[in-house]
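[1] mind looking at a prediction? Sequence and model below.
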Amino acid sequence: MARYAKSGELHIAYIVEGSGPIDMVWVPPWVSQVEYLWSERSMAGFLRRLTRFARVITFDRRGSGLSDPFFGAPTLEEQMDDVHAVMDAAGSRRATLVGTLEGGPMAALFAATYPERTEALILYATFARATWAPDYEWAWPAKEREEHMAEQVAHWGEGRVVRGVAKSEVNDPEFLEWSARLERLAASPGTIKRILDLIGEFDVRDVLPSIRVPTLVMHRRDDDFIKIEHSRYIAAHIPGAHFVELEGRDNVFSVGNSEAILGEIEEFLTGDRHAHEPDRMLATVMFTDIVDSTRRAAEMGDTGWRFLLERHDALFRRALERHRGREVKRTGDGFMATFDGPARAIRCAASVAEAMGSLGLEVRAGLHTGELEVMDSDIGGLAVHIAARVMDRAEPCEVLVSSTVKDLVAGSGIDFQDRGAHELRGVPGQWRLYAVN
């Protein structure tokens, strides 16, 4: 739950998580709402990993999220006052500052101005100047940036920002929905326009040589939202800065190969890098999918299809709760879920297929039982791939299971029809599959 620090006359919302020996203040972009950030799987998983070795302090910048609105253009000095206020309220005397996107320039200025309160500085995918200059040619030209920002404001709240900063997630409807709501919770279109105009004036290039705290700079090599040249410049102008080029194209740190970023941060701050060993468990994995969804969506239009999907999701989650299943994530027009018993998984899948018929939808499902790797709120392992490939073989309105599932529910009264042996794409060997009657 967010608490509030007093910065002058303004209230700044912040959250403290973890109890590690290192205090870490994350200086966020303005597109933030501290409580809602923790509701997204990859973001929560990333922040939770940091709490294994640090006390993580996140906050909403003045004018955004749960912090007080601010009319006008807050100076970098006023924004640094907010960091002071949050650190004081959280009882932090010295902290490592982490700056991303437009949080980077203010974090760099804070580290240069207040070294007595800055243990270290970590900058990821950020910039020293927001617009083109003769000696800073990789930034957006002012006119091009203005046009791009006008487009963002015109479609604010629709989730368009994510298409530039998290390209690997653009086909995940749940992530897109979360991102669109984050925009709306962070700021109104009028407020974000003032903020975007302000960001365009940022230039802390002259500050960089004055930074005297240990500094780590990171950037993904193929990020085309914020080009890697920004971070190369920063690292070259901060004395002793350690620069790491990472693989990938996502700008958002929590998607893509986030483990590489976490490893660099942990090693930089603690001297050790602990591989995150996944927990392992036996479970039944279920994948579902709406048959012929593209055609149905085209026939119904965006509004009608969105309404139908909402009813589909509600019915699915009701069945999941009834059969003690756990939703893992959305997968296109379906879900991935796990169960602690295969019979419950089969009965849930059958009830989902039947319930969707009342909506005029045909749903198929695939199930497999095996050992899973559990990392934060996600799962992995061969069992997940097998379940997905089993679903690919299912007919409309059919629940298809592997022989492993069939054998484990012997005596349950569930009947099956043998569908023969199949090769499953990407999975070695042949697999005998069975349809639930």
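    That came through, no problem.

[2] residues near residue 137, how many?
    9 (other CB atoms under 10 Å). Every residue, glycine included, has its C-beta placed from N, CA and C.

[3] gap between it and residue 326?
    50 Å (CB to CB, to the nearest Å).

[4] quick check: phi and psi on residue 185?
    Residue 185 has phi and psi values of phi -70, psi -30 when expressed as degrees, to the nearest 10.

[5] can you count the residues close to it?
    Residue 185: 18 neighbours (other CB under 10 Å).

[6] now swap in residue 37 and tell me
    23.

[7] can you mark which positions in the longest helix seen in the chain are buried?
    Among all segments of the chain classified by DSSP state H, the helix with the greatest residue count is helix 293-322. Buried residues in helix 293-322, counted by 16 or more other CB atoms under 10 Å: 293, 296, 297, 305, 308, 309, 312, 315, 316, 319, 320.

[8] do stretch 328-345 as well
    Result for stretch 328-345 [16+ other CB under 10 Å]: buried residues 328, 330-331, 333-339, 341-345.

[9] swap in stretch 346-354?
    346, 347, 348, 349, 350, 351, 352, 353.

[10] my read is residue 374 is in a helix, agree?
    No: under DSSP: H, G, I helix; E, B strand; the rest coil, residue 374 sits outside any helix and is assigned strand.

[11] how near is it to residue 344?
    Shown here: residue 374 relative to residue 344, a distance of 19 Å by CB to CB.

[12] for residue 137, same thing?
    In terms of CB to CB, residue 137 sits 60 Å off from residue 344.

[13] circling back to that earlier point, closest to residue 46 among the buried residues of helix 293-322?
    residue 320 (25.7 Å; CB to CB).

[14] assess the claim that that closest one and residue 348 are in contact.
    Yes: the pair residue 320 / residue 348 is scored as a contact, 6.3 Å apart, by CB atoms under 8 Å.

[15] shared neighbours of these two, which are they?
    Common contacts of residue 320 and residue 348 (CB atoms under 8 Å, 6 or more residues apart in numbering): residue 337.

[16] so what's the nearest residue to residue 29 once chain neighbours are set aside scoring on pLDDT?
    Excluding its sequence neighbours, the residue lying closest to residue 29 (CB to CB, 6 or more residues apart in numbering) is residue 101, at 4.2 Å. Residue 101 carries a pLDDT value of 92.

[17] what's the first helix or strand after the one helix or strand in the chain whose mean pLDDT sits lowest?
    Each helix and strand of the chain was given a mean pLDDT (mean pLDDT, DSSP states H and E); the minimum falls on strand 378-380 at a mean of 78. Toward the C-terminus, strand 378-380 is succeeded by helix 382-393 as the next helix or strand (DSSP states H and E).

[18] starting at the chain centroid, how far to that next one?
    24 Å (CA atoms, centre = their mean, to the nearest Å).
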